[in-house]
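1. Here is my input; please provide its structure:
(2 chains)
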Amino acid sequence: MTLRDLYLLSPEMAMAALASLVVLVDLVVPRTRVLATLAGVGLLVPAALSVLLWGEVGGEASGAVTALSGTLVVDEFSLFFKFLVLGIVGLLIPASVDYVGRFLRSPGEFYALVLFSATGMMLLASTTELVSIYISLELTSLPLAVLAAFLRDGRSSEAGLKFLLLSALSSAILLYGMVLVYGVTGSTRLEEIAQEVARVTAGGGPLFQGPVVLVGVALMVAGFGFKVASVPFQMWVPDVYEGAPTPVTAYLSVGSKAAGFAVLLRVFYVALQGEELRADWGGLFAVLSVASMTAGNLMAMLQGNIKRLLAYSTVAHAGYLLVGLAVVAGGGGAGEALLGPSGVLFYLGAYAASNLAAFFAIIVITNQVGSDQISAFAGMARRAPWLAAALALAMVSLIGIPPTAGFMGKLYLFNAAVQNGMAWLALAGVVNSVVSAYYYLRVVRSMYLLPAESDEPVRASAPMVAALAVPVLGVLLLGVLPNLLLEVAQSAVGTIQPPG
Amino acid sequence: MTLERWLVLSAVLFTIGLYGALTKRHAVAVLMAIEIMFGAVNIAALAMSRYVVPFALRANAADVEGVASLVLTGQVFAVFIITIAAAEVALGLALVIAIYRSRETVDVTRVNLMKR
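-> Below is the predicted model of the structure:
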């Protein structure tokens, strides 16, 4: 390890240091506002370091620098996800101040665990080696399990235990897949795996005896499928989302999904790029994609609890996102194939903005009315016009109606499918989006058309208003000027292409 | 012993663990089954490390020093798996105790407050 390595790792190290600092300050000043301010302002350090690194590898320079003898890479792709995670955490901290102050007993630990998990997510976007991928994945999910159990009541503990058991189970499956791939190719580095796959595909060696590598890839798909909440590995999602504290649910739905897709894209696009192999996993993702959106949307219709509804909605969105990975099976050219990953990156940004806006509005409203049921949102348009408008906008964006970010995201993803000759996948996505309008609009209907139970206004605190304004503006801005993010996304996926 | 035998042993253990994790009702038993799965993965990793020619050796046989470090990849993998699995179990048992305090049961089929 050299000083240069430390510099390349500095955003993550600053994040971990900040988390430790929050725990220490908690010992002296155990006050929610102080700790939230410290965590929020402290985020500027990793953000500034990421900007410095972007200056080195991003934009015009457009390169990739490896650290720690090639186990980590700093490129536009990883920095894109680092900024996304920093943005998510930066909004989540002010938005959770009231909730943490009211319901949770140890604010310092709450913020520290959020930051530790974010450290894992940022590392995950950078790792290019199977062992480090596994470690970063666990660094992401173990704090999330504790956060899910943070309320210390029956439901919350249940959510934490379910998340932990299924995350451990999926880790074991993922590891088995990783070990098989390592055994077949003789390396845990994605780049070397790619070279080995390329050599064997070119007819160079007897390594792929039997279906070992396919079993390995299938097990890895299953393992990552748990993390991004795709069918048939979605069973933990509704219970965990419902039982966890609402800010944690928001964090789970956007943060761990973004990190999961970062590592999925990196592993599959860099390491497993043999022609035959690509068709195999592309086809697998196409099936999972259609299954996820259909099952997610159908189950969401039956839900009366808003957190469960958004849990199934997140499964459906995992389905839309998987379209971006499935398109490689379509057999388009190299240019068309990259439309998929850049669509995924854009969609993740759009989805993060929409979902955070929705969850922030829900946190305020459910705190006030004391119920997670959709019926409790009746008449919210009169009790809290601005919150209702923000929630309605988020729902419209999640359906994918213009002029919102969600529409642009779906447009690019489905366009990628059509360009790669998989129009049926795009069709499935469009049909599903129409179906999903039913349950999203049910929330809007409840807020705008049903009579209110009381006339007592629902008010948001100042930090919450600030935190809510950013994703709402983001949803509108990306809906009107998608190129702001799309150009960055297109440039970022350029660095995850396989060597040679 | 050949690589195949180790891999068969590992696959059998993994399947037993997976079956246990999906069918056991006691939360601690589920954790134990998941531990068996991690153990199976470790056996596979160590066997691969022992028998499979590392990538660096295939590419450049002269680079002996580089190879010596790469031969350990599977073993290092196993060490990390053991470490993190221990952390996972510690957290799992803490959550089991939290559940037991509020529900007086750790039967995962009866821990279903949200399914009703």
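
2. Count the residues that sit near A:Ala469.
-> 15 (other Cβ atoms under 10 Å in any protein chain shown). For the C-beta atoms, the positions are set from N, CA and C on the backbone; glycine is no exception.

3. residue contacts, it?
-> Taking Cβ atoms under 8 Å, 6 or more residues apart in numbering or on different chains as the criterion, A:Ala469 is in contact with no other residue.

4. can you dump the C-alpha coordinates of the helix or strand where it lies into CSV?
-> Taking DSSP states H and E as the definition, A:Ala469 sits inside helix A:462-480. Backbone C-alpha positions of helix A:462-480 (Å, rounded to 0.1, in the frame of the first residue of the first chain) are rendered in CSV as follows:
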residue,chain,number,x,y,z
ALA,A,462,-37.2,22.9,7.8
PRO,A,463,-34.5,20.2,7.2
MET,A,464,-37.2,17.9,5.8
VAL,A,465,-38.5,20.6,3.4
ALA,A,466,-34.9,21.2,2.2
ALA,A,467,-34.3,17.5,1.8
LEU,A,468,-37.6,17.0,0.0
ALA,A,469,-37.1,19.9,-2.4
VAL,A,470,-33.9,18.5,-3.9
PRO,A,471,-35.3,15.2,-5.2
VAL,A,472,-38.6,16.9,-6.3
LEU,A,473,-36.6,19.4,-8.4
GLY,A,474,-34.4,16.6,-9.6
VAL,A,475,-37.4,14.6,-10.9
LEU,A,476,-38.6,17.7,-12.8
LEU,A,477,-35.2,18.8,-14.1
LEU,A,478,-34.2,15.3,-15.4
GLY,A,479,-37.6,15.0,-17.0
VAL,A,480,-37.0,18.2,-18.9
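
5. Pull out the buried residues from that helix.
-> Judged by neighbour count (16 or more other Cβ atoms under 10 Å in any protein chain shown), helix A:462-480 contains these buried residues: A:463-465, A:467-468, A:470-472, A:474-476, A:478-479.

6. Give me the spatial nearest neighbour of A:Ala392, chain neighbours excluded.
-> In space, and not counting its chain neighbours, A:Ala392 is closest to A:Val444: 4.8 Å by Cβ to Cβ, 6 or more residues apart in numbering or on different chains.

7. Any residue of the longest helix seen in chain B touching chain A?
-> The single longest helix within chain B, with elements called by DSSP state H, is helix B:73-103. Yes: using Cβ under 8 Å from any Cβ of the partner chain, a contact is recorded between helix B:73-103 and chain A, made by B:73-74, B:76-77, B:80-81, B:84-85, B:87-88, B:91-92, B:95-96, B:98-99, B:102-103.

8. for that helix, packing partners?
-> Helix B:73-103 sits against helix A:130-148, helix A:154-185, helix B:27-51, with contacts defined as 3 or more Cβ pairs under 8 Å, 6 or more residues apart in numbering or on different chains; DSSP states H and E.

9. Tell me the helices and strands packed up against the first one.
-> Applying 3+ Cβ pairs under 8 Å, 6+ apart, we find helix A:130-148 packed against helix A:107-126, helix A:154-185, helix A:246-251, helix A:257-266, helix B:73-103.
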